[in-house]
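S.K.: Prediction below, plus the sequence it came from.
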Amino acid sequence: MNIDFDNKESRQGYLSEKLDNLLSGINNTYGQVLLDELVIRLQRTVDDFKEEMQEIMGELKNSSERRNQIIHDLMEGKATVSDGNSADGQIEEEASELDAPQMSEWEKRLEGK
């Protein structure tokens with residue numbers, strides 16, 4: 001039995017067939033109502049999953065692009081701009097002041113390669 005899971009109608013037909021087999025012992029009135037409710041809930045679950053996956057993939061793509069841009073900026077020796085609030089900016093400034101000698105040595109090694 002070949003089923004094309006890429007095709008929506010094929011998937012629904014497959015699920016309907018399997019659920020019909022499971023519900024064959026229940027009387028016809030409740031069986032169809034129960035089957036319809038199950039199909040609606042399964043479809044809602046699949047739609048929610050697809051929506052969540054699209055959001056996650058979008059966030060992953062944005063994060064990857066930001067990371068690549070930061071790496072690119074660091075390789076070129078550009079200063080990074082903080083997106084955080086002023087308290088975070090102060091912490092970053094203090095940290096960069098403390099790390100200034102280390103960063104310049106690191107930058108010298110990068111430029112030497």
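M.R.: Structure received. The model shown is predicted, which means the values in this text are computed figures rather than measured ones.
S.K.: From Glu9, how far out is Asp48?
M.R.: Going from Asp48 to Glu9 by Cβ to Cβ, to the nearest Å gives 21 Å. Yep, even glycine has a C-beta here, placed from its N, CA and C like the rest.
S.K.: no wait, Ile70
M.R.: Computed as Cβ to Cβ, the Ile70 to Glu9 distance reads 46 Å.
S.K.: Between those two, tell me which one has more neighbours.
M.R.: Ile70 (12 against 8; other Cβ atoms under 10 Å).
S.K.: tell me which element the more buried one is part of?
M.R.: Here Ile70, judged by DSSP states H and E, is contained in helix 28-76.
S.K.: Just the mean pLDDT for that helix, thanks.
M.R.: The average of the pLDDT scores along helix 28-76 is 89.
S.K.: Now do it: which elements does it pack against?
M.R.: Secondary-structure packing of helix 28-76 (3 or more Cβ pairs under 8 Å, 6 or more residues apart in numbering; DSSP states H and E): helix 8-22.
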